[in-house]
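**Student:** Quick one: sequence and predicted model below, then my questions.
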Amino acid sequence: MGKFATFFKPVGLALAACALGAPASTALAQPEFAEEQPHASGFEIEPAQHLPLISNIARAEWDIGGQRLQKPSNRVDIQIVQPPSDPLDVMLFHFADPPGAEQFPIAQTMCRSTRGSIPVELSGAFAGTPRSPASVVPTDSIRAGEPLIISIKAANRNLDPRAIESFDIYLTTPTGDREQINIVETAPDSGRFVGLINTAAVPPAPVQGDCVLSVKRGETFDITVHEMGGNAIGSAKVGILIDPFGEIFDSADGTPVSGARVTLIDIATGQPAEVFGDDGVSLFPSTVISGEMVTDSGGTVYDFRDGFYRFPFARAGRYRLLVEPPQPYRFESAATPEQLAGLRRTDGLPFTIVDGSYGGIIILNDPSPVRVDVPLDRPGAPLLITKSASTAQAAPGDAVQYRITVKNSDVLRSTGQITISDQLPGAMRLKTGTVRYNGDLITPSIEANGRDFSVEAPSLPPSGSALLTYIAEVRQDAQPGDALNLASARDDRGTTSDTVDAIVSIVRDGISERFTLVGRITDGGCGTDPRTAAGIGNIRVMLQDGTYTVTDSDGRYHFEGLKPGLHVVQIDPSTFPADRAPVDCAQNTRSAGSNISRFVEGRGGALKRADFRARKVAPRDMKVAENFHKPEILSDPEAAGAGRDWVTGEEPGIAWLFPEEEHNPRVKALRVAIKHHAGQRIELSVNGKAVNPLAFDGTRKSAD
């Protein structure tokens with residue numbers, strides 16, 4: 001029987017098969033072998049190829065008659081292919097500590113740079129950030145310059161449940177950057193591998209292997225993770241936030257305001273804050289000028305657009321903005337967020353108005369950008385104000401109506417909220433419930449002295465105007481002389497008006513300035529001596545202004561305190577007994593041929609007399625209604641139509657509602673109520689003269 005030997009020649013990665021007639025043997029060619037191995041082991045290993053291939057050839061040798069013979073077998077090739085694997089779970093995090101933040105340790109991350117392995121360190125705004133454990137939150141967006149935390153769940157890399165393991169990955173971005181870091185398991189057998197890398201903005205152009213991942217602001221892209229063999233094992237989408245900024249703007253129209261000096265103040269120290277640039281390391285000025293260029297300590301230039309300011313990175317804490325506006329602007333603004341809601345930034349979006357917009361606290365508790373837009377107030381063109389009174393002369397107890405017109409003289413800008421202030425003279429006091437703004441009742445703020453008051457009014461549009469009216473009463477103890485009333489207006493953006501005045505002369509009417517009218521109505525006609533004639537009682541006697549009185553049982557009447565001048569006194573014939581009628585016995589110019597009226601002219605301190613006579617006549621037909629009941633006597637306000645519901649029960653149409661026919665006013669002022677259609681306007685005149693607009697008391701609208 002011959003002697004047999006078997007040899008195998010693996011190529012690439014090879015496992016030897018057992019030989020014919022010989023004990024089985026096994027050999028493993030390592031992939032890093034680059035040279036053919038010696039034949040002492042019975043194997044030949046060729047250099048590894050890109051696609052591993054196992055080729056197996058058996059060779060038999062035998063001796064016959066002293067001659068060695070041999071014969072190779074056929075060749076068997078086995079192609080090695082990468083087993084399919086699902087992409088690994090890749091998540092991105094950033095440092096933050098809000099409620100509910102996730103906690104896990106981040107071991108020292110090593111970066112494989114062109115200079116060798118170097119640790120990834122946190123510096124600048126992120127120096128001292130805890131990592132054992134780190135407080136993080138998942139994110140799909142970061143800022144250029146902010147550390148990026150990569151978490152990969154890779155159970156197939158968790159080979160030893162008793163050890164913390166690690167492996168290298170590559171990070172690639174569309175900017176052309178490629179960085180290699182070593183990620184470390186968070187705990188034995190956790191299967192979660194975490195690492196971090198610093199980021200920087202493009203430009204400048206990325207440099208591969210500098211251990212800084214270059215990203216482009218405003219873009220959203222996939223960061224792809226590769227393992228050492230070059231295979232992509234996962235990716236995560238991330239957006240790079242545009243630089244955080246605020247805009248300084250005009251609170252009236254939203255236009256940007258450049259030239260404002262803005263300082264970030266650290267509330268903990270009360271001093272300017274430590275600020276870092278885009279790279280999170282270079283020092284950035286704590287004071288910037290809106291709309292101007294800034295250069296950080298690393299030489300990076302930041303060119304701000306009109307009205308813009310920016311502080312790229314600051315440590316977590318509490319801050320506020322100190323804004324020193326250019327003239328003539330003012331900070332903090334008096335405009336409310338509601339008043340600013342209709343304005344738009346230069347990018348077309350609404351302004352971000354927060355407490356910090358008015359110098360309040362700004363809380364930075366994570367690297368996410370905090371936008372704070374800042375309104376500034378600029379006074380507009382002066383407010384124009386005029387004031388007038390309904391009379392130039394008044395006596396104690398008289399009511400004086402005042403009219404104040406406020407106009408915005410600026411043809412381009414609206415005003416802020418307007419405050420109208422009025423200082424009544426000591427001789428007058430405000431009648432509450434009479435203050436109206438553009439016809440609507442409003443409640444003023446009245447000072448403790450009961451005279452001075454102010455009214456808050458909405459802003460006026462360009463060239464807009466408004467009307468304020470009210471009634472003041474002359475005090476009973478008012479002294480004769482000029483009563484000076486002062487009024488002014490201002491808005492909450494610093495715009496003011498001149499102070500205007502209205503003068504009313506106060507006149508005190510003593511007995512020497514007034515006269516008294518007395519008289520008597522007697523029976524018996526013209527042939528009876530009035531001194532002995534019987535008087536007729538319950539006869540109504542009236543003056544031309546509606547003032548009236550009723551004769552007593554002896555027919556006497558009187559009017560006191562009449563102003564000097566010509567007056568008309570008249571008796572009401574309807575109040576005479578049915579068989580009596582007035583008669584003119586004097587037959588002079590004082591009666592002007594009238595049986596029922598007399599002209600009376602008096603001077604101050606005078607006592608004037610106007611008598612009337614009556615004669616017997618055929619009884620008039622005076623019908624008395626059956627079951628007649630004396631009507632209820634109305635109070636003065638009721639008789640004047642005060643407090644009535646003018647619309648309930650009314651049908652649409654046009655009508656004169658008050659005063660009714662035969663209405664006899666009790667005082668010198670008369671209320672008038674007109675029913676009309678919606679959209680119609682009422683004009684009222686007395687004896688052809690338009691009624692003073694101050695007398696307008698408003699409109700009541702039916703609910704239907």
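**Tutor:** In hand now; what should we look at?

**Student:** any low-confidence regions in the stretch 1-150 of the chain?
**Tutor:** Counting by pLDDT under 70, the ranges of the stretch 1-150 of the chain that qualify are 1-52, 80-87.

**Student:** please redo it, this time with the cut-off set to 50
**Tutor:** Within the stretch 1-150 of the chain, the ranges that satisfy pLDDT under 50 run 1-50, 84.

**Student:** what do you get for the chain?
**Tutor:** In the predicted model, the chain carries pLDDT under 50 at residues 1-50, 84.

**Student:** What residue in it is the furthest from its centre?
**Tutor:** Distance from the C-alpha centroid of the chain, by Cα atoms, centre = their mean, peaks at residue 65 (111.5 Å).

**Student:** Look up how far residue 72 lies from that residue.
**Tutor:** Distance, residue 65 to residue 72, using Cβ to Cβ, to the nearest Å: 22 Å. All C-beta spots, glycine's among them, are computed from the backbone N, C-alpha and C.

**Student:** is it true that residue 131 touches residue 103?
**Tutor:** No - the criterion here is Cβ atoms under 8 Å, and residue 131 misses it with residue 103 at 10.8 Å.

**Student:** ok, the two, which is more surrounded?
**Tutor:** Shown here are residue 131 and residue 103; by other Cβ atoms under 10 Å, residue 131 has more neighbours (19 against 10).

**Student:** what residues are up against that one?
**Tutor:** By Cβ atoms under 8 Å, 6 or more residues apart in numbering, residue 131 lies in contact with 105, 106, 107, 122.

**Student:** and if you look at residue 566?
**Tutor:** Contact partners of residue 566, counting by Cβ under 8 Å, 6+ apart, are 599, 600, 601.

**Student:** so which of those is the most crowded?
**Tutor:** Using other Cβ under 10 Å as the neighbour criterion, residue 600 leads the contacts of residue 566 with 21 neighbours.

**Student:** then the helix or strand hosting it to PDB, C-alphas only?
**Tutor:** With elements taken from DSSP states H and E, the one containing residue 600 is strand 597-602. Only the C-alpha atoms of strand 597-602 are listed here, as PDB (Å, rounded to 0.1, in the frame of the first residue of the first chain):
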ATOM      1  CA  SER A 597     -99.200 138.700  28.200                       C
ATOM      2  CA  ARG A 598     -97.100 141.700  29.300                       C
ATOM      3  CA  PHE A 599     -93.600 143.000  28.500                       C
ATOM      4  CA  VAL A 600     -91.500 143.600  31.600                       C
ATOM      5  CA  GLU A 601     -88.100 145.200  31.600                       C
ATOM      6  CA  GLY A 602     -86.100 145.400  34.800                       C
END
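
**Student:** Check what contacts that strand and list those residues.
**Tutor:** Contacts for strand 597-602 (Cβ under 8 Å, 6+ apart): 515, 517, 562, 564-571, 589-592, 608, 610, 612.

**Student:** Could you give the backbone dihedrals for residue 357?
**Tutor:** Main-chain dihedrals, residue 357, degrees, to the nearest 10: phi -70, psi -20.

**Student:** residue contacts, it?
**Tutor:** Residues in contact with residue 357 (Cβ under 8 Å, 6+ apart) are 333, 372, 373, 374, 375.

**Student:** Nearest to residue 432 among those?
**Tutor:** Checking the contacts of residue 357 against residue 432 by Cβ to Cβ gives residue 333 as the nearest, at 33.4 Å.

**Student:** Secondary structure class of that closest one, three-state.
**Tutor:** coil (DSSP: H, G, I helix; E, B strand; the rest coil).

**Student:** Look up how far residue 345 lies from it.
**Tutor:** From residue 333 over to residue 345 (counting by Cβ to Cβ), the distance is 16 Å.

**Student:** more crowded one of these two?
**Tutor:** Using other Cβ under 10 Å, the more surrounded residue of residue 333 and residue 345 is residue 333, with 27 against 17.

**Student:** Got a quick PyMOL command for the buried subset of the contacts of strand 597-602?
**Tutor:** Per 16 or more other Cβ atoms under 10 Å, the buried members of these correspond to this PyMOL selection:
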select buried, resi 515+517+562+567+569+570+571+591+608+610+612
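
**Student:** now, which of the contacts of strand 597-602 lie within strands?
**Tutor:** Among those, DSSP state E puts 515, 517, 562, 565, 566, 567, 568, 569, 570, 571, 608, 612 in strands.

**Student:** what about residue 264, neighbour count?
**Tutor:** Neighbour count for residue 264, taken as other Cβ under 10 Å: 22.

**Student:** cool, residue 310 as well?
**Tutor:** Residues near residue 310, counting by other Cβ under 10 Å, number 18.

**Student:** From what I see, it and residue 293 are in contact.
**Tutor:** No - here residue 310 does not reach residue 293: they are 11.3 Å apart, not a contact under Cβ under 8 Å.

**Student:** And residue 451, how far from residue 422?
**Tutor:** Taken as Cβ to Cβ, the span from residue 451 to residue 422 is 9 Å.

**Student:** Then residue 372?
**Tutor:** Distance from residue 372 to residue 422, counting by Cβ to Cβ: 39 Å.

**Student:** quick one: contacts for the closest residue to residue 580 other than its chain neighbours?
**Tutor:** Spatially, and ignoring its direct neighbours in sequence, residue 580 is nearest to residue 614 (4.6 Å; Cβ to Cβ, 6 or more residues apart in numbering). Counting by Cβ under 8 Å, 6+ apart, residue 614 touches 521, 522, 523, 524, 525, 536, 576, 580, 581, 582, 583.

**Student:** which one of those residues is nearest residue 231?
**Tutor:** Residue 231 lies nearest to residue 576 out of the contacts of residue 614, by Cβ to Cβ, at 124.5 Å.

**Student:** What is the burial count for that closest one?
**Tutor:** 21.

**Student:** Go ahead and confirm it touches residue 541.
**Tutor:** No - look at residue 576 against residue 541 with Cβ under 8 Å: they stay out of range, at 11.8 Å.

**Student:** ok, now how distant is the residue nearest the centre of the chain from residue 251?
**Tutor:** The centroid of the chain falls nearest to residue 337 when counting by Cα atoms, centre = their mean (1.9 Å). Using Cβ to Cβ, one obtains 11 Å as the distance from residue 337 to residue 251.

**Student:** Residue 634 too?
**Tutor:** Going from residue 634 to residue 251 by Cβ to Cβ gives 55 Å.

**Student:** out of the two, which sits in the busier spot?
**Tutor:** A direct count of neighbours by other Cβ under 10 Å for residue 634 and residue 251 places residue 251 higher, at 24 against 11.

**Student:** Contact partners for the more buried one?
**Tutor:** Listed by Cβ under 8 Å, 6+ apart, the contact partners of residue 251 are 333, 334, 335, 339, 340, 343, 375, 376, 377, 378, 416, 493.

**Student:** Go again with 6 Å.
**Tutor:** By Cβ atoms under 6 Å, 6 or more residues apart in numbering, residue 251 lies in contact with 333, 335, 375, 377.

**Student:** what's the closest non-adjacent residue to the second one?
**Tutor:** The reference is to residue 335. Sequence neighbours aside, residue 251 is the residue nearest to residue 335 in space, at 4.1 Å (criterion: Cβ to Cβ, 6+ apart).

**Student:** All good on my end, thank you.
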